[in-house]
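In: next input, structure requested:
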Amino acid sequence: MKMCSLHRARGSVLVIFLLLHSATSFYLPGLAPVSFCEPGQAGKENEVPDCKSTIEVFVNRLDSVESVLPYEYTAFDFCAIDSEKRPSENLGQVLFGERIEPSPYKFEFKKKVDCKPVCTKSYNTNKPEDKAHLDFLKKGMLLNYQHHWIVDNMPVTWCYDVEDGQKFCNPGFPIGCYVTEAGRPKDACVVNSDFKDKDTFYVFNHVDITIHYHVVENEAAGARLVAAKMEPKSYKHTKVEAPDCTGGPMYLNNKFSGELKIGYTYSVQFVEDKHIRWASRWDYILESMPHTNIQWFSIMNSLVIVLFLSGMVAMIMLRTLHKDIARYNQVDQGDLIKVPSTQGKSISYVSLSKAI
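Out: Reported below is the predicted structural model:
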């Protein structure tokens, strides 16, 4: 019987080793590499058997270092689609309160696109609803709210030069910027000398996207995306239906009244990168200069809540322990009152017996 069990155990171990030896892939939720190929190549003989040709852009909630309130993507009346369902979020995204939604920004792999229109938003300040949308958009630009886009489970970054020749890659980009009444450009308005009109908002209604990919050699896996970078720009399209992205900036004076049209566009190009592999595609973001702005109000708010709750728990525990200790002290004092009298009688009885 023991020999039979031993043979079975050896057979099970052998099967496990054979399965491990034959395995050539892995899967972890949200971490499995996705292969991309040009349209029409998927499923063809001698081509990539299983790959995607459409690259989807997902959008996350917008936040700001100057405000503790995040907003969903649709709160600012940007281009959106309602026909598709939200993608499933992992545990980390749920705990961090992320709100990932599909977007109308979609491209074909390795297909270059220049100034493609996405949608046009029309406003009339004489209508209360339109005026509310514009006021909310201006408030978001004043507080420097940031977009957060996602491509192939990695953030779309905005990389720009900072002090000492270093490059900072921010996993977000602003919705716009503001030039004060004194003519001082705030936040992202410093990147363009055309942003100079006083008391004026500039909307970043165009994005230049560059997607870097790495071709996997000696494997039928196609290409994998290793970086997605963008640069926000502002264009006042003369022809909203057929934009050319050559006009001046899309500005909005703080005292503007009347009708306004904002056309949203994008351009995309693909660049092959032979040095960055899929497993190390986050390195350029992690090695970038860390963000120095700290949300002190949010930190202090969290600390006050933690201290308040800790104080409440401590008071409840102290009151409970105080009652228990008082009860035990009463019981012990009662025992001490009875015990000496009994012991005294016993001692006296013993002493008296010895004396007799």
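In: and the single longest strand found in the chain, what does it pack onto?
Out: Once the chain is assigned using DSSP state E, the strand that runs over the most residues is strand 259-272. If you count contacts as 3 or more CB pairs under 8 Å, 6 or more residues apart in numbering; DSSP states H and E, strand 259-272 packs onto strand 113-124, strand 206-215. Glycine gets a C-beta too; all of them are placed from N, C-alpha and C.
In: run the angle between the shortest one and strand 259-272 for me.
Out: Computed with axes from the mean of the first three to the mean of the last three CA atoms, to 10 degrees, the direction of strand 206-215 lies at 20 degrees from that of strand 259-272.
In: SS state for the residue nearest in space to the middle of the chain?
Out: Central residue check for the chain by CA atoms, centre = their mean: the C-alpha nearest the mean position is that of residue 98, 5.9 Å away. Here residue 98 is coil, with the state taken from DSSP: H, G, I helix; E, B strand; the rest coil.
In: picking up where we left off before, CA atoms only for the longest strand of the chain - export them in CSV, please.
Out: In CSV, the C-alpha atoms belonging to strand 259-272 read as follows (Å, rounded to 0.1, in the frame of the first residue of the first chain):
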residue,chain,number,x,y,z
GLU,A,259,-21.7,82.0,-28.8
LEU,A,260,-18.6,79.8,-28.7
LYS,A,261,-17.6,76.6,-30.4
ILE,A,262,-14.7,74.4,-29.1
GLY,A,263,-13.5,71.7,-31.5
TYR,A,264,-11.5,68.8,-30.0
THR,A,265,-9.0,67.1,-32.3
TYR,A,266,-6.0,64.8,-32.0
SER,A,267,-3.0,63.6,-34.0
VAL,A,268,-1.2,60.3,-33.5
GLN,A,269,2.0,58.7,-34.8
PHE,A,270,3.9,55.5,-34.1
VAL,A,271,7.6,55.0,-33.4
GLU,A,272,9.4,51.7,-33.1
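In: show me which residues of it are buried.
Out: 260, 262, 263, 264, 265, 266, 267, 268, 270 (16 or more other CB atoms under 10 Å).
In: is the second one in contact with residue 203, as I believe?
Out: Yes: using CB atoms under 8 Å, residue 262 is in contact with residue 203, at 6.0 Å.
In: give me the common contacts of the two.
Out: Shared contacts of residue 262 and residue 203, defined by CB atoms under 8 Å, 6 or more residues apart in numbering, comprise residue 250.
In: got the phi and psi for residue 308?
Out: Main-chain torsions, residue 308, degrees, to the nearest 10: phi -60, psi -50.
In: contacting residues for it?
Out: With CB under 8 Å, 6+ apart as the criterion, no residue contacts residue 308.
In: ok, it to residue 316 distance?
Out: 13 Å (CB to CB, to the nearest Å).
In: can you check residue 101 too?
Out: Residue 101 is 42 Å from residue 316, by CB to CB.
In: more crowded one of these two?
Out: A direct count of neighbours by other CB atoms under 10 Å for residue 101 and residue 316 places residue 101 higher, at 18 against 10.
In: is that one in a bridge, and if so with what?
Out: As for beta bridges, residue 101 partners with residue 59 under DSSP bridges.
In: picking up where we left off before, surely the residue nearest to the centre of the chain touches residue 61?
Out: Yes: Residue 98 lies in contact with residue 61 (CB under 8 Å); the separation is 6.4 Å.
In: contacting residues for the closest residue to residue 172 other than its chain neighbours?
Out: Closest residue in space to residue 172, ignoring its immediate chain neighbours: residue 146 at 3.7 Å, by CB to CB, 6 or more residues apart in numbering. Neighbouring residues of residue 146 by CB under 8 Å, 6+ apart: 62, 63, 64, 170, 172, 173, 174, 175.
In: likewise residue 143?
Out: By CB under 8 Å, 6+ apart, the contact set of residue 143 is 64, 66, 67.
In: how about residue 277?
Out: Taking CB under 8 Å, 6+ apart, we find residue 277 in contact with 214, 226.
In: do I have it right that residue 149 meets residue 62?
Out: No: the pair residue 149 / residue 62 is not scored as a contact, 10.7 Å apart, by CB under 8 Å.
In: which residues sit in contact with residue 157?
Out: 169, 170, 171, 227, 228, 229, 230, 285.
In: sounds good, over and out.
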